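>>> here is the input, now give the coordinates:
(one chain, ligands or ions: 3)
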Amino acid sequence: MIINPDQLNTNKNDISIHKNQFDHLASSLSKQGIEVDQIVAKLANFQVAIPSWALGAGGTRFGRFSYYGEPASLEQKLEDIGIIHALTKSAGAVSLHIPWDIPEDYKAIKELANSLDIKFDAVNSNTFQDQPNAKESYKFGSLSNTSKTVRDQAIAHNREVIDIGKELGSKSITVWLADGSSFPGQNNFQTALSHTQNSLKEIYNVLPDDWKLFIEYKPYEPYFYSTVIQDWGTSFLLANECGEKAYTLVDLGHHLPNTNIEQIVATLMWKGKLGGFHFNDSKYGDDDITVGSIKPYALFLIFNELVYGMNNNPQNPELSWMIDASHNLKDPLEDLIQSLEAIQVIYAKALLVDQHQLKEAQKNNDVTLCQEILQNAYLTDVRPLVKQARLQQHGAINPLKAYRSLLVREQLVKERGKHTVATGL
Ligand code: AOS
Ligand code: ZN
Ligand code: ZN
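Numbering: from 1, shown residues only. Ligands and ions are numbered 1, 2, ... in the order given. Down below sits the predicted model:
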């Protein structure tokens, strides 16, 4: 199923209300000296990759309830992203997971992606599961394993993932290392870290010059006592050890409760070492639920630092943005549309922060004013700006409404059948 702009009938009904709301907001923001056109242009440029594993239903360790009409092939996954992108104009990239989504025909996949205006963002390796016919097992770790033979297999896999990415035009690889231990004494921390460092260096050594290596961290899970790359500091030191093309990747769900994520973002950008970002939201752990559904203000504070960093830290490269979510209850495509909307809305709010005024207030230690500046931006209803950015690119004013009115899921079920299953977690 492919959506063309002329199918967006909902826009015809929504346009006059939108125009009123946009004009009203634009005129009020302009009076405050805000360049509305620039904000809308920034929103239009902001593209977030969709991971190839997030288009089917996600599961928990207690079970998985599949969703009807799931994409059964990589081609169908790209079609799904094409649908979301046609509606939201903000999902113009895919992040592939290897080996779940190895293309069979590279040329055809690239042509399909191109026709849907989708780029290939970071490729992701998988050494957290044993693959059928694998010689060695990752039960006791991969890049950190005590056995060199196992480590070599994991290094070879990551190198193969880079080769696949090269064929597709990706420019980065994300390593999320599940390695860790579930019981005190099981691992020698220093040995595990040193093995990991050496393994990452071997992967880094074959990285093309114009590529980046993203090192993701996570405090626990799948193991419960320790994780080898447990926090940003460990990721940062490994990235530094590898070299200038290696960066830390922040996943919002990979922090212990109440961690000040915005401060981590600021520190990494100041050092030019924040490379990638995984969006999701959580209440307890790595819940991977819809962006902005639980802690939108925390996300705003994070975006405020991201915007500051993008304006003030030329030493930090452009970031790779991705939604890392899992959909246990909702239609995955609806959930992704909601996440994209939340990201755009919060980004727009952060763009409203008067950085100059905030700096002055900080200099004067005017704590009250500092808070006011942030709250004023956060409490502004910026949805008309986000809608305007979509409309300018011939997307849907209200993507979720358009998705439902076009009966997308019903159509997908008709085309694919009810009980198809997507590869993924
Ligand atoms: C795992 O918790 C991480 O968030 C990964 O980024 C990702 O979900 C995984 O690599 C999926 O394969
Ligand atoms: Zn992640
Ligand atoms: Zn995660």
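>>> only C-alpha atoms for contact and neighbour calcs from this point on.
Will do.
>>> going along the chain, name the strands of the protein.
For the chain, applying DSSP state E gives strands covering 49-51, 59-60, 63-64, 93-95, 119-120, 123-124, 172-176, 180-181, 212-216, 226-227, 246-251, 274-279, 320-323.
>>> any idea how far Gln32 is from the residue lying farthest from the centre of the chain?
Most distant from the centre of the chain: Asn364, at 36.7 Å, with distances by CA atoms, centre = their mean. From Asn364 over to Gln32 the distance is 22 Å, taken as CA to CA, to the nearest Å.
>>> the stretch 201-350 of the chain: helices as residue ranges?
For the stretch 201-350 of the chain, helices defined by DSSP state H, counting those that start in this stretch occupy the ranges 232-242, 261-270, 296-312, 332-352.
>>> what comes up buried for the shortest one?
Put plainly, it is helix 261-270. Ile261, Glu262, Ile264, Val265, Ala266, Thr267, Leu268, Met269, Trp270 (16 or more other CA atoms under 10 Å).
>>> find me the pLDDT at the first one, would you?
What that stands for is Ile261. With respect to pLDDT, Ile261 scores 98.
>>> chain neighbours aside, what residue packs nearest to it?
Excluding the flanking residues, the one nearest Ile261 by CA to CA, 6 or more residues apart in numbering is Ile302, at 6.6 Å.
>>> quick one: residues contacting the residue lying closest to Lys77 once chain neighbours are set aside.
On the basis of CA to CA, 6+ apart, the spatially nearest residue to Lys77 that is not a chain neighbour turns out to be Pro71, at 5.3 Å. Contacts for Pro71 (CA atoms under 8 Å, 6 or more residues apart in numbering) come out as Leu55, Gly56, Lys77, Asp80, Arg416, Thr420, Val421, Ala422.
>>> tabulate the buried residues of helix 261-270 (JSON lines), appending distance to Thr380.
Formatted as JSON lines, those follow (distance: CA to CA, whole Å):
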{"residue": "Ile261", "distance to Thr380": "23"}
{"residue": "Glu262", "distance to Thr380": "21"}
{"residue": "Ile264", "distance to Thr380": "26"}
{"residue": "Val265", "distance to Thr380": "24"}
{"residue": "Ala266", "distance to Thr380": "24"}
{"residue": "Thr267", "distance to Thr380": "28"}
{"residue": "Leu268", "distance to Thr380": "29"}
{"residue": "Met269", "distance to Thr380": "27"}
{"residue": "Trp270", "distance to Thr380": "28"}
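>>> hmm, who's touching stretch 242-259?
So stretch 242-259 is contacted by 174, 197, 200-201, 204, 209, 211-219, 231-232, 235-236, 239-240, 261, 265, 268, 273-282, 284-288, 324 (CA under 8 Å, 6+ apart).
>>> now that stretch, how far from the centre of its chain.
Mean-position distance between stretch 242-259 and its chain equals 12 Å (CA atoms, centre = their mean, to the nearest Å).
>>> what does the helix or strand bottoming out on mean pLDDT in the chain rub up against?
Every helix and strand of the chain was ranked by mean pLDDT, DSSP states H and E. The lowest is strand 59-60, at a mean of 86. Strand 59-60 is contacted from outside by Phe65, Ser326, His327, Asn328, Leu425, using CA under 8 Å, 6+ apart.
>>> kindly report the same for stretch 407-420.
Met1, Ser66, Tyr67, Tyr68, Gly69, Glu70, Pro71, Ala72.
>>> in that stretch, what's buried?
So stretch 407-420, judged by 16+ other CA under 10 Å, has buried residues Val408, Arg409, Leu412, Val413, Arg416, Thr420.
>>> what's the distance between the third one and Ile109?
According to CA to CA, Leu412 stands 20 Å off from Ile109.
>>> pLDDT weak spots in this protein?
425 (pLDDT under 70).
>>> outside of the lengthiest helix in it, which residues touch it?
Ranked by number of residues, the top helix in the chain under DSSP state H is helix 9-31. Helix 9-31 is contacted from outside by 35-36, 382, 384-385, 387-388, 396-398, 401-402, 405, using CA under 8 Å, 6+ apart.
>>> now with 7 Å?
Under the contact criterion CA atoms under 7 Å, 6 or more residues apart in numbering, helix 9-31 has outside partners Val36, Pro384, Leu385, Ala396, Ile397, Ala402.
>>> isn't the fifth one up against Val386?
Yep, that's Ile397 we're talking about. No - checked against CA atoms under 7 Å, the pair Ile397 and Val386 is beyond contact range at 8.6 Å.
>>> quote the end-to-end distance of stretch 198-214.
16 Å.
>>> how about it: buried residues?
Under 16+ other CA under 10 Å, the buried positions of stretch 198-214 are Asn198, Ser199, Leu200, Lys201, Glu202, Ile203, Tyr204, Leu207, Trp211, Lys212, Leu213, Phe214.
>>> same question, stretch 346-364
Using 16+ other CA under 10 Å as the test for burial, stretch 346-364 gives Ile346, Tyr347, Ala348, Lys349, Ala350, Leu351, Leu352, Val353, Asp354, Gln355, Leu358, Ala361.
>>> distance to Ile98 for these - can I get that in TSV?
Below are these laid out as TSV (distance: CA to CA, whole Å):
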residue	distance to Ile98
Ile346	31
Tyr347	30
Ala348	33
Lys349	35
Ala350	34
Leu351	35
Leu352	39
Val353	39
Asp354	42
Gln355	41
Leu358	44
Ala361	48
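>>> out of the residues you listed, which comes closest to Gln47?
For these, the minimum distance to Gln47 (CA to CA) is 11.7 Å, reached by Tyr347.
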